[in-house]
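1. Build me a model from this:
(one chain, ligands or ions: 1)
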Amino acid sequence: MVRIKFCGLTDKYSAMAAVEAGADSIGCVFAASKRKVTPEQAKEIIESLPPYVSTVGVFVDETLDRINEIAEYCQLDLLQLHGSETPEYCRQIKRPVVKTIKVRKASDLDQAAAYKQVVRGFLLDAYVEGASGGTGHTFPWEHVAKAQGMSPIILAGGLRADNVKEAIFKTRPYAVDVSSGIETDGFKDPRKMIEFVQRVRNVSFFAQS
Ligand SMILES: O=C(O)c1ccccc1N[C@@H]1O[C@H](COP(=O)(O)O)[C@@H](O)[C@H]1O
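-> Predicted coordinates for the structure are as follows:
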């Protein structure tokens, strides 16, 4: 089964819609973004969730003290590092880490080896000049074939209900992560969330049509 993370939740109502749609995990962005939340907002969202939904904090080149402080305050389960954080930096994070790698070409995946011992998994996202993430852009999924051995892989970048099935067949990820693709006019859209989950849950690796 492919796990699903919905990212960029900014209030407890859209977080509950994500859970009801069937998301396994929800993400709050603490970096510069139109989806940025304060630690207080994230704590309110997280405390409103039922059990067995994991919570992820998304950070971009945050200071170590601040990231550990926010993670503790919000009781985040996992930290997703979306900037140029080094393996040494990841080692000093007090909670499990998923490191993002932005993929333009196959060799971008070579950097993963240095993180292998210090992270729980790798999130592969599109590289977009001047942007940290949440761009709605895909990357060439065929490069993921080179990522074997760096599991678990979380596939992200421009996923939507209408492309997630193809993306899963081409990359065989552990999980998929989406932000823009479940939004309408900049707001999380419960109908798009449900459709996305249905498409992922309908994937069978035995039948590719
Ligand atoms: O969602 C954001 O605004 C964001 C900001 C800064 C870093 C990461 C962000 N989100 C992550 O970006 C990817 C892809 O998002 P999209 O589906 O292409 O919109 C995803 O992993 C989000 O967690």
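
2. Might you calculate how far the helix or strand encompassing Ala71 sits from the centre of the chain?
-> Using DSSP states H and E, the element containing Ala71 is helix 64-74. Centroid displacement of helix 64-74 relative to its chain, using C-alpha atoms, centre = their mean, to the nearest Å, is 19 Å.

3. now swap in stretch 22-33 and tell me
-> Using C-alpha atoms, centre = their mean, the mean C-alpha position of stretch 22-33 is found 7 Å from that of the whole chain.

4. what about it and the ligand, touching?
-> Yes. Residues of stretch 22-33 contacting the ligand under C-beta under 6 Å from any ligand atom: Gly27, Val29, Ala31, Ser33. The C-beta positions use only the backbone N, C-alpha and C, and glycine is treated the same way.

5. List just the nearest of these to Gly121.
-> Gly27 (13.7 Å; C-beta to C-beta).

6. Could you give the backbone dihedrals for that closest one?
-> Listed backbone geometry of Gly27 is phi -120, psi 140, with angles given as degrees, to the nearest 10.

7. What is the burial count for it?
-> Using other C-beta atoms under 10 Å, Gly27 has 27 neighbouring residues.

8. For it, give me its contacts.
-> Contacts of Gly27 were listed using C-beta atoms under 8 Å, 6 or more residues apart in numbering, and they are Lys5, Phe6, Cys7, Gly8, Leu9, Thr55, Val56, Gly57, Val58, Gln80, Asp177, Ser179.

9. Show me how far stretch 143-153 is from its chain's centre.
-> The chain centroid and the centroid of stretch 143-153 are separated by 16 Å, computed with C-alpha atoms, centre = their mean.

10. Please apply the same query to stretch 187-196.
-> From the chain centre to the centre of stretch 187-196 is a distance of 16 Å (C-alpha atoms, centre = their mean).

11. which parts of it are buried?
-> Neighbour counts over stretch 187-196 (16 or more other C-beta atoms under 10 Å) mark Lys188, Asp189, Pro190, Lys192, Met193, Ile194, Glu195, Phe196 as buried.

12. So which residues make contact with it?
-> Applying C-beta under 8 Å, 6+ apart, the set of residues contacting stretch 187-196 from outside is 4, 6, 8-10, 14, 17-18, 20-23, 159-161, 164, 178, 181-184.

13. Restricted to helices, list the residues you listed.
-> Assignment to helices by DSSP state H places the following of the contacts of stretch 187-196 there: Ser14, Ala17, Ala18, Glu20, Ala21, Val164.

14. so which of the residues you listed would you say is closest to the ligand?
-> If you rank these by distance to the ligand using C-beta to the nearest ligand atom, Val164 comes first, at 10.4 Å.

15. Sounds good, over and out.
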